[in-house]
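prediction below, plus the sequence it came from.
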Protein chains: 4
Amino acid sequence: MTQSEKPDQQSVQDVALIVGGGPGISASCARLFAGSGMKVAIAARSPDKPVLENLEKKHGVRRYACDASEPASVERLFRDVVRDLGSPTLVVHNIDGRVPDIFRKGIAEAEPSMALNTLRNSAFSAFLVGQQAARLMRTNKTDRNGAKGTIIFTNASASLKGFPLSGAFAMACHAKSGLAQSMARELMPEGIHVANVPIDAAIGWTQEDGTRAHRLAGTTVDDNMADPDHIAQTYLQLHRQHRSTWAFEIVLRPWVEKW
Amino acid sequence: MTQSEKPDQQSVQDVALIVGGGPGISASCARLFAGSGMKVAIAARSPDKPVLENLEKKHGVRRYACDASEPASVERLFRDVVRDLGSPTLVVHNIDGRVPDIFRKGIAEAEPSMALNTLRNSAFSAFLVGQQAARLMRTNKTDRNGAKGTIIFTNASASLKGFPLSGAFAMACHAKSGLAQSMARELMPEGIHVANVPIDAAIGWTQEDGTRAHRLAGTTVDDNMADPDHIAQTYLQLHRQHRSTWAFEIVLRPWVEKW
Amino acid sequence: MTQSEKPDQQSVQDVALIVGGGPGISASCARLFAGSGMKVAIAARSPDKPVLENLEKKHGVRRYACDASEPASVERLFRDVVRDLGSPTLVVHNIDGRVPDIFRKGIAEAEPSMALNTLRNSAFSAFLVGQQAARLMRTNKTDRNGAKGTIIFTNASASLKGFPLSGAFAMACHAKSGLAQSMARELMPEGIHVANVPIDAAIGWTQEDGTRAHRLAGTTVDDNMADPDHIAQTYLQLHRQHRSTWAFEIVLRPWVEKW
Amino acid sequence: MTQSEKPDQQSVQDVALIVGGGPGISASCARLFAGSGMKVAIAARSPDKPVLENLEKKHGVRRYACDASEPASVERLFRDVVRDLGSPTLVVHNIDGRVPDIFRKGIAEAEPSMALNTLRNSAFSAFLVGQQAARLMRTNKTDRNGAKGTIIFTNASASLKGFPLSGAFAMACHAKSGLAQSMARELMPEGIHVANVPIDAAIGWTQEDGTRAHRLAGTTVDDNMADPDHIAQTYLQLHRQHRSTWAFEIVLRPWVEKW
């Protein structure tokens, strides 16, 4: 009898929860997960924006309002998702918490409140989301890959290297990595797969009208941007990895990126 | 026009070359790659052992004799593979070069010749294989994922951490990582995907007769061993990653492994 | 003319500010710095505790009350130190922010408020202290080693590796490392030496009455604890390194420590 | 009774052996160690070059001929040093093995023999020197810092990052790091301090005639080069660190270096 035939394993329908509602990685994940047969929930501060409405209409994705830096709001989110879709088997934390001018000011000029808010929005919200996911997944059945669930943290190259003029972002991204590592060592032996995925690039994609969209203004060459549809593909592969060979960290970068 | 429609891109049949002919990762890769429609070559010092004969009979895998630590032998291997199957698009270097007593002796007792042989068999053979692969792949067409080819180095946890009582193995595994990194930075912008995959575990699998096989004697629990069929799955995913999001290093470890 | 003879360089008296007032590293630094001819300030939430009173009486160390997680309090601290002693040339952030039960609870059980407080007390206070130090040091003269000042962050092994059952501490220590890295890349080219010093051990020392003191209960073997007097020695060496060869990170661990 | 009063500890005269005889770090170490009261030996393939003759005349440094990539030659070196000066307490391996055109050729063009020679000259010679040092130091008395000896490997930034167009050098430097790590974990608990010191810069210094010398042609700004006299200072500090707080790796880089 191999591992995949153990009697407590089930082939239940996956329930994916994506926290963070941008038009890049979150939307690509929602589309791919829904297209792969999962029930999909997406949470954002403003769940009424067109990109999310569109995901609901076209792909049946369920929208939730959530301030992921507030414990009560995160608790409510998970309770509602369980009620509506069932206990999540795949949770993606996709909030980096960066603010508009985070890369423009040196350590001497940066606002302390900006630094604290970045920590709250990124690392602390990852803690809250990871905590709720861990609580629920522990009670999940083990699936055919030997897993009770997968928790993925989207991260940035600032988690690998603290760049100048961005101390607050370096703090937050490193914090998220540290949390992910601790959770991985704690939860993997319980059957919960935890992964940290730093994207070492700007994110860029082709919009429905054929034009290119990307996060960083002024970038015009497609080839140096990471396509969120391909990022989502890696997330799905991580979710489906057998527990015999779990990856914890995968850095994704475009072929022409310097590193 | 998206990247996948560029005129110089072709959907040619993949040619995979696996250097190293063990019954674990190499055999799993050969089966999976052949089953995925690739033409597959496997090279080993002794290509006549039953496990390789079996791969030929059942999966059409072509066998080659090669001493991967000898420049002329590696040159000949690639020339013969090109002649027989075409230019390789996926090359896996799967030799770790460890010798029977490599973990038993401290730095003061280890044989210098053992240390030099380990370097030759592991790191230097990786250099030779990587070099031939790079030369050929540069002239390949770009495929649908934007790649001219993929070079994967199987590695060990000793590439991440130098453990006591194994200085020679730590040297060789670190050397292989350094080579892979240098090649990745050099070749990725040319369209060649280079990856380093440290396996942080013993390798274990179920044999055709239903018994378990593994490399390290005395290990009896399945769960703490990495199944080579799942490792091969990750290699295939790496090969198929779009160049928009290439991973360089993926550490694979079983869920219960301490790290 | 060598670098040490450049006309703008001065041999001014060093002003050291130690933020964090424990009886271990902070006290050892205060004694060593004072004994090396520096004017020394030490800041703590409760500056009236005996260990600090003793430093004042015996070593002339000046005490300040400061809540290092409050921007206004940190601003006031630096203003007062400048007024009393002059602009600091050496600032040590020696607060790890761990709370009593931080290592006892898993991610599912930990209090969110504990996690946020740990981030505030450790990483955010490091940001505040680093910011004030950077502002002041920029206007310092360059000393004989080519430096305008040195900023040292004491850190823990949790900054190198996220251990299980301590997600909040892993977050905070990683965040502090990320901040230190960003500040180093930003400030070193301006002549300000930034260093991160993870101590991979419990801290233990001999008290004035001859008994041993240490932070972690139940540890009885001296040899596996790091002596804060020796840690302080490394800090002084970092401060005196010539800018031709600045170290950013030095991990200190006892000889018998596993890593 | 503190550690420094244990009865088996002695304050014997240090015997330093520097393997590698260049005019940069090796010469700086020889001068500093001799000036600090040590008996100093220096080994080079050509011990008759003027820079070494000068060290003998002015600083009493003893010269030895050694091909550090040959086991018998390294054995003989240590035997001769023990006979002439006593058992070494500080050994520095200062050979990086790079050859003139090592950075000029890509992986596809590089000579295999160059790659193998680089491995032999750098990593394998480090193995041979480290092995002899470990054998002898085990029998040394414990000194006042709790150490039986110190083994330092000079390394390069290629040990931290595999740069393009230098696969062979990346292999060799990574290999040396892996060896140093393994030896540190093995030997530190026996009282032998092992350290790896990557210098992330070109090395530059002022010669006796007042002109500047450096290894990399075309570099004219002093500030971006590491002064070997300051590197030697760090080596001496490493040797004198108490075993309560041993550093394994210290990366040294000039203040203006990008990293």
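Looks like it arrived, so ask away. Residues are numbered from 1 along each chain as shown, chains lettered A, B, ... in the order given.

over to the closest residue in space to A:Asn121 that isn't next to it in sequence. Which of the three states is it?
Among residues not flanking A:Asn121 along the chain, A:Gly97 sits closest, at 3.3 Å (C-beta to C-beta, 6 or more residues apart in numbering or on different chains). Yep, even glycine has a C-beta here, placed from its N, CA and C like the rest. Secondary structure, DSSP: H, G, I helix; E, B strand; the rest coil: A:Gly97 is coil.

ok, A:Pro23 next?
Classification of A:Pro23 by three-state DSSP places it in coil.

count of residues packed around it?
Residues near A:Pro23, counting by other C-beta atoms under 10 Å in any protein chain shown, number 19.

in which helix or strand would I find the closest residue to A:Glu249 other than its chain neighbours?
Among residues not flanking A:Glu249 along the chain, A:Asn196 sits closest, at 4.8 Å (C-beta to C-beta, 6+ apart). For A:Asn196, the host element (DSSP states H and E) is strand A:192-199.

next secondary structure element downstream of that strand?
strand A:202-206.

and that following strand, what does it pack against?
Helices and strands touching strand A:202-206, by 3 or more C-beta pairs under 8 Å, 6 or more residues apart in numbering or on different chains; DSSP states H and E, are strand A:212-214, strand A:225-226, helix A:228-240.

residue numbers of the stretch 151-259 of chain A in contact with chain D?
Proximity of the stretch 151-259 of chain A to chain D, by C-beta under 8 Å from any C-beta of the partner chain, involves no residues.

residues from the stretch 1-150 of chain A in reach of chain C?
Listed as neighbours of chain C in the stretch 1-150 of chain A under the rule C-beta under 8 Å from any C-beta: A:71, A:106-108, A:110, A:112-113, A:115-116, A:119-120, A:123-124, A:127-128, A:130-131, A:134-135, A:138.

contacts only, for A:His59.
Residues near A:His59 by C-beta atoms under 8 Å, 6 or more residues apart in numbering or on different chains: A:30-31, A:34-35, A:40.

near chain D, which of those residues show up?
Restricting these to those touching chain D (C-beta under 8 Å from any C-beta) yields no residues.

of the residues you listed, keep whichever come out buried.
Neighbour counting over the contacts of A:His59 (16 or more other C-beta atoms under 10 Å in any protein chain shown) leaves A:30-31, A:34, A:40 as the buried ones.

among those, which one lies nearest to A:Pro254?
A:Arg31 (20.8 Å; C-beta to C-beta).

does that closest one touch A:Tyr235 like I think?
No - taking contacts as C-beta atoms under 8 Å, A:Arg31 lies outside contact range of A:Tyr235: 11.9 Å.

what about the helices in chain A?
Secondary structure of chain A (DSSP state H): helices at A:25-35, A:50-59, A:71-85, A:112-119, A:125-137, A:167-187, A:228-240.

without its sequence neighbours, what residue ends up closest to A:Asp80?
Closest residue to A:Asp80 apart from its sequence neighbours, by C-beta to C-beta, 6+ apart: A:Tyr64 at 6.1 Å.

that neighbour contacts A:Asp48, doesn't it?
No - assessed by C-beta under 8 Å, A:Tyr64 is found out of contact with A:Asp48, at 11.3 Å.

looking at these two, which one has more neighbours?
The neighbour count for A:Tyr64 versus A:Asp48, taken as other C-beta under 10 Å, is higher for A:Tyr64 (21 against 10).

mind checking pLDDT for A:Pro164?
The per-residue pLDDT reported for A:Pro164 equals 96.

hang on, the earlier thing: nearest to C:Glu75, out of the helices and strands packed on strand A:202-206?
With C-beta to C-beta as the criterion, C:Glu75 lies closest to strand A:212-214 of the helices and strands packed on strand A:202-206, at 38.7 Å.

pLDDT on that closest one, on average?
On average, the pLDDT along strand A:212-214 is 63.

what residues does the closest residue to A:Ala68 other than its chain neighbours make contact with?
In this structure, A:Ala68 finds its nearest non-sequential neighbour in A:Ser125, 3.7 Å apart by C-beta to C-beta, 6+ apart. With contacts defined as C-beta under 8 Å, 6+ apart, A:Ser125 is in contact with A:19, A:68-69, A:74, A:93, A:95, A:97.

tally of neighbours for the residue nearest to A:Asn121?
A:Gly97: 23 neighbours (other C-beta under 10 Å).

thought it was touching A:Met171?
No - contact status for A:Gly97 versus A:Met171: not in contact, 10.3 Å apart, counting by C-beta under 8 Å.

for burial, what's the neighbour tally of the nearest residue to A:Glu186 once chain neighbours are set aside?
Excluding its sequence neighbours, the residue lying closest to A:Glu186 (C-beta to C-beta, 6+ apart) is C:Pro164, at 3.6 Å. C:Pro164 is flanked by 19 other residues according to other C-beta under 10 Å.

repeat that for A:His193.
A count of nearby residues for A:His193, using other C-beta under 10 Å, gives 27.

quick one: pLDDT of it?
pLDDT recorded at A:His193 is 98.

my guess is it contacts A:Phe153, does it?
No - at 11.9 Å, A:His193 and A:Phe153 do not qualify as touching, with contact defined as C-beta under 8 Å.

state the distance from the residue nearest to A:Ser73 when sequence neighbours are not counted to chain D.
Spatially, and ignoring its direct neighbours in sequence, A:Ser73 is nearest to A:Asp67 (4.5 Å; C-beta to C-beta, 6+ apart). Distance, A:Asp67 to chain D, using C-beta to the nearest C-beta, to the nearest Å: 38 Å.

for the stretch 151-259 of chain A, which residues are neighbours of chain B?
The stretch 151-259 of chain A comes close to chain B at residues A:185, A:188-189, A:191, A:193, A:199, A:206, A:222-223, A:225-227, A:230-231, A:233-234, A:237, A:241-256, A:259, as judged by C-beta under 8 Å from any C-beta.

apply 6 Å and report the result again.
For the stretch 151-259 of chain A, the residues in contact with chain B (C-beta under 6 Å from any C-beta of the partner chain) are A:188-189, A:226-227, A:230-231, A:237, A:242-247, A:250, A:252, A:254-256.

ends of stretch A:252-259, how far apart?
11 Å (C-alpha to C-alpha, to the nearest Å).

out of the residues of the stretch 1-150 of chain A next to chain C, which are buried?
By neighbour count, with 16+ other C-beta under 10 Å, these hold A:71, A:106-108, A:110, A:112, A:115-116, A:119-120, A:123-124, A:127-128, A:130-131, A:134-135, A:138 as buried.

hmm, back to that, isn't the residue nearest to A:Glu186 up against A:Met188?
No - here C:Pro164 does not reach A:Met188: they are 9.3 Å apart, not a contact under C-beta atoms under 6 Å.

residues in contact with A:Arg240?
By C-beta atoms under 6 Å, 6 or more residues apart in numbering or on different chains, no residues touch A:Arg240.

before we move on, back to that, tally of neighbours for the residue nearest to A:Ser73?
Number of residues near A:Asp67 (other C-beta under 10 Å) recorded here: 17.

and it, what are its phi and psi?
Torsion angles at A:Asp67 (phi, psi; degrees, to the nearest 10) stand at phi -100, psi 100.

okay, it and chain B: tell me how far apart.
Look at A:Asp67 and chain B: by C-beta to the nearest C-beta, they are 30 Å apart.

repeat that for A:Gly21.
Noted for A:Gly21: a distance of 21 Å to chain B, by C-beta to the nearest C-beta.

now that residue. Nearest residue, chain neighbours left out?
Leaving aside its chain neighbours, A:Gly21 sits nearest to A:Ala44 (2.7 Å; criterion: C-beta to C-beta, 6+ apart).

the one you found - how many residues pack around it?
Neighbours of A:Ala44 using other C-beta under 10 Å come to 23.

hey, what's it bridged with?
Counting by DSSP bridges, A:Ala44 is bridged to A:Ala65.

residues near the nearest residue to A:Leu252 once chain neighbours are set aside, how many?
In this structure, A:Leu252 finds its nearest non-sequential neighbour in B:Thr245, 4.1 Å apart by C-beta to C-beta, 6+ apart. B:Thr245 has 27 neighbours, counted by other C-beta under 10 Å.

B:Thr245: what's it in contact with?
With contact taken as C-beta under 6 Å, 6+ apart, B:Thr245 is in contact with A:226, A:230-231, A:252.
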